[in-house]
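Participant: give me coordinates for this.
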Amino acid sequence: MRHTPRTRTVTACALLAISIAPAVSACGDEDHPLSAAPYDAADQISFNGPTGGGQKADPDKALEITRQGDEGRITDVTATDAAGRRLAGELTADGTRWHSTSPLAAGTHYTVRVSTEDEDGRPGRRLLAFDTGKPVTRKQLDVTFGPKAGTYGVGQPVTAELSHAVRDPAQRAVIERALKVQSTPAVEGAWHWVNDKELHYRPKDYWPTHATVQVRSNLEGIKVGDRLWGGAAKPLKISTGDQIVAVTDAASHSMTVYRNGEEINSIPVTTGKPGFETRNGVKVVLGKEYFVRMRSTSIGIAAGSSESYDLPVYYATRVTWSGEYVHAAPWSAGSHGAANVSHGCTGMSTGNAAWFFENVREGDLVKVVNSYGAPMEPFGNGFGDWNLSWAQWREGSALTAGKPETAGPEQAARLRPTAV
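Facilitator: Purely as a prediction, here's the structure:
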């Protein structure tokens, strides 16, 4: 007769201990199968790894642990490498076979702990150890994290640049599982595939203020795909400052700046005029430039035409790669707070632009509302990541059921400043 599974036996003892006092001694009975010392399960299991003689396991092959004979079952398998990384695996319902579901690391040592039970429910144990060989490959997948170490605003995404394009969903899933982001305080977050070589990570909501974010890769030595293995990656540590959000209302020609939810300034502004409307949506500060020369020819406006310009611009805070800034615009002072006359940028007085320049940092948020302009692109023209809902963002992860989105071609050359 087949024994009762061990987990059910333990539960039954616990329930009896509540209602019937003698059951306590029954559970501790020396004749009970669970009270027996674990036996050596060497004859009860087999595995497909090397058994000695200097042989090394092929990291291209899955690890398999199987039951020998017709009696007993495997109850648990734990496999860890020398770095303490656990190898994911699945155990069949009947306990006859366990196999790994994630790739073995190359050039490392594995320790495998196998738990079994015989037909009477007595526990067995077996400890296995083996080494994996070095991968024979010409391609190494390197990962470069961004931004550089430092303190940023709460809207700053984490980026991961890959040295090789990865298109296969299963290979993308291997990569995502190995890229770890830890925030203190902890937040819910996810990776999103921007294209075949770039991922972004952001929380469901903005990062907490004064948080520490640490990023690392566990890809080294892991097989990603045919002839493609993970390489080492330099870990990243960044922190966040206060939450700075500047809301520009193109209809009321005003910018309201909030720090940690409290209004700290209200600034009269001008935004893009008809035909050059400022993009709606959330943008992330990309950088600050004290002086920029802005020329209309960079966006195809002919020199000498009615819309041409060639201006020295001060206190320029960049929010898109295509040339949208928040900056000083003394030439349009009469329109600040009254009309939209720019070519897409948000203009203000020199004093207000200097204040804004000094009080924001990379990663802070600039949100434009009530403009007739097109929505801010999620990718390719800066960090428009926050314009995707959380559900849309998770659709770009290889670890969800959704199909990863692919952004348009990334702008290889950062465009010159274009709009004033």
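Participant: only C-alpha atoms for contact and neighbour calcs from this point on.
Facilitator: Fine.
Participant: give the burial count for the residue lying closest to Thr297 once chain neighbours are set aside, as a bare number.
Facilitator: The shortest distance from Thr297 to any residue other than its chain neighbours is 6.3 Å, reached at Ala303 (Cα to Cα, 6 or more residues apart in numbering). Neighbouring residues of Ala303 were enumerated by other Cα atoms under 10 Å; the total is 13.
Participant: ok, Ala303 to Val158 distance?
Facilitator: Using Cα to Cα, to the nearest Å, one gets 40 Å for the distance from Ala303 to Val158.
Participant: picking up where we left off before, where does the residue nearest to Thr297 fall, secondary structure wise?
Facilitator: When secondary structure is defined by DSSP states H and E, Ala303 falls outside every helix and strand.
Participant: enumerate every residue touching it.
Facilitator: 296-297, 309 (Cα atoms under 8 Å, 6 or more residues apart in numbering).
Participant: turn the residues you listed into JSON lines, including pLDDT and distance to Val224.
Facilitator: Supplementary listing: these in JSON lines, determined by pLDDT from 0 to 100; distance: Cα to Cα, whole Å:
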{"residue": "Ser296", "pLDDT": "72", "distance to Val224": "47"}
{"residue": "Thr297", "pLDDT": "70", "distance to Val224": "46"}
{"residue": "Tyr309", "pLDDT": "80", "distance to Val224": "51"}
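Participant: which of those has the most neighbours?
Facilitator: Going by other Cα under 10 Å, Ser296 tops those with 21 neighbours.
Participant: any idea how far Ala303 is from that one?
Facilitator: Spatial separation of Ser296 from Ala303 under the definition Cα to Cα is 7 Å.
Participant: could you name every residue contacting both of these two?
Facilitator: Tyr309.
Participant: hang on, Thr248 packs against Val366?
Facilitator: Yes. Under the criterion of Cα atoms under 8 Å, Thr248 is in contact with Val366, at a separation of 7.4 Å.
Participant: looking at those two, which is more packed in?
Facilitator: Comparing Thr248 with Val366 by other Cα under 10 Å, the one with more neighbours is Thr248, at 27 against 22.
Participant: surely that one is in a strand?
Facilitator: Yes. Thr248 forms part of a strand when assessed by DSSP: H, G, I helix; E, B strand; the rest coil.
Participant: what residue ranges in the protein score low on pLDDT?
Facilitator: Low-confidence segments of the chain (pLDDT under 70): 1-36, 135-138, 298-299, 401-420.
Participant: try it again at 50.
Facilitator: Scanning the chain with the threshold set as pLDDT under 50 gives 1-28, 401-417.
Participant: helices of that one, start to end?
Facilitator: Residue ranges of the helices in the chain, as given by DSSP state H, are 6-19, 23-27, 169-178, 350-359, 390-395.
Participant: roughly how far apart are Ala79 and Pro169?
Facilitator: Taking Cα to Cα as the criterion, Ala79 is separated from Pro169 by 25 Å.
Participant: equivalent analysis for Pro330, please.
Facilitator: 52 Å.
Participant: so what's the nearest residue in space to Gly344 that is not next to it in sequence bridging to?
Facilitator: Using Cα to Cα, 6+ apart and skipping residues adjacent in sequence, the residue nearest Gly344 is Gly272, 4.0 Å away. Following DSSP bridges, Gly272 is listed with bridge partners Ser342.
Participant: residues touching Gly272, list them.
Facilitator: Gly272 neighbours (Cα under 8 Å, 6+ apart): 278, 340-346.
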